[in-house]
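*Asks:* Model the structure of this input:
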Amino acid sequence: MKILRSAFINISLAILVFYLVSTFKERNLLQTNNAPAPYFNLPLLNQPTERISIAQLEGKTTVVYFFAPWCAICRYSMPNLEAVLESSNINAIGIALDYRSPQEASNVVADLNLTMPILLDERCTQSNYKISVLPTYYIINEPLQITARSVGYSSGLGIK
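*Replies:* Residues are numbered from 1 along each chain as shown. Here you go, the predicted structure:
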């Protein structure tokens with residue numbers, strides 16, 4: 001009985017610590033109370049003369065995933081996002097931040113066989129979305145309102 005009680009206390013403490021760390025990391029992100037998502041109009045990685053704006057996402061639930069080429073956690077998380085896209089009616093776009101050249105972002109896309117569109121940040125989107133930790137993602141609903149957000153590693157189940 002004593003072992004069971006000790007295990008329960010340890011598990012409860014671990015859950016509490018996880019919750020507190022997650023809440024702390026998300027404290028500066030945009031609110032999820034159906035606030036309007038900030039505007040962006042960014043070039044596509046593989047077609048830099050073509051741009052995608054947030055207005056083009058209207059009418060679709062979309063995961064906007066912010067990553068950097070050097071971010072190891074991003075590399076682990078992005079295939080989970082791709083799997084969600086294949087098995088659901090959710091769209092996604094990746095926005096590359098903190099890259100030295102577009103080729104760095106292209107290498108990540110090639111290494112992970114990503115199919116989602118990747119946009120190149122032009123420095124304003126990162127600050128408009130209050131990104132300070134990578135990876136970060138926002139879920140934007142059909143009328144372009146923020147409904148969810150998260151930072152760090154995300155499993156496919158966590159993204160859904």
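*Asks:* Hmm, P43 is touching P117, no?
*Replies:* No: contact criterion CB atoms under 8 Å: P43 and P117 do not qualify, at 10.7 Å. The C-beta positions use only the backbone N, C-alpha and C, and glycine is treated the same way.
*Asks:* What helix or strand is the residue nearest in space to the middle of the chain located in?
*Replies:* The centre of the chain sits closest to Y137, judged by CA atoms, centre = their mean, with a distance of 2.2 Å. In the assignment (DSSP states H and E), Y137 maps to strand 136-140.
*Asks:* So what are the sheet partners of the next helix or strand after that strand and their directions?
*Replies:* Sequence order places strand 146-151 as the next helix or strand after strand 136-140, per DSSP H and E. In its sheet, strand 146-151 lies beside strand 136-140 (antiparallel), with partners assigned from DSSP bridges.
*Asks:* Need phi/psi at E122.
*Replies:* phi -110, psi 40 (degrees, to the nearest 10).
*Asks:* quick one, what contacts it?
*Replies:* Residues near E122 by CB atoms under 8 Å, 6 or more residues apart in numbering: L42, P43.
*Asks:* pLDDT at it, what is it?
*Replies:* Among the per-residue scores, E122 holds a pLDDT of 90.
*Asks:* Thought V151 was touching L29, still the case?
*Replies:* Yes: using CB under 8 Å, L29 is in contact with V151, at 7.2 Å.
*Asks:* Touching both of the two, which residues are there?
*Replies:* Residues touching both L29 and V151 by CB under 8 Å, 6+ apart: T136.
*Asks:* Any idea how many residues pack against the closest residue to N113 other than its chain neighbours?
*Replies:* Closest residue to N113 apart from its sequence neighbours, by CB to CB, 6 or more residues apart in numbering: E82 at 7.9 Å. Close neighbours of E82, defined as other CB atoms under 10 Å, add up to 18.
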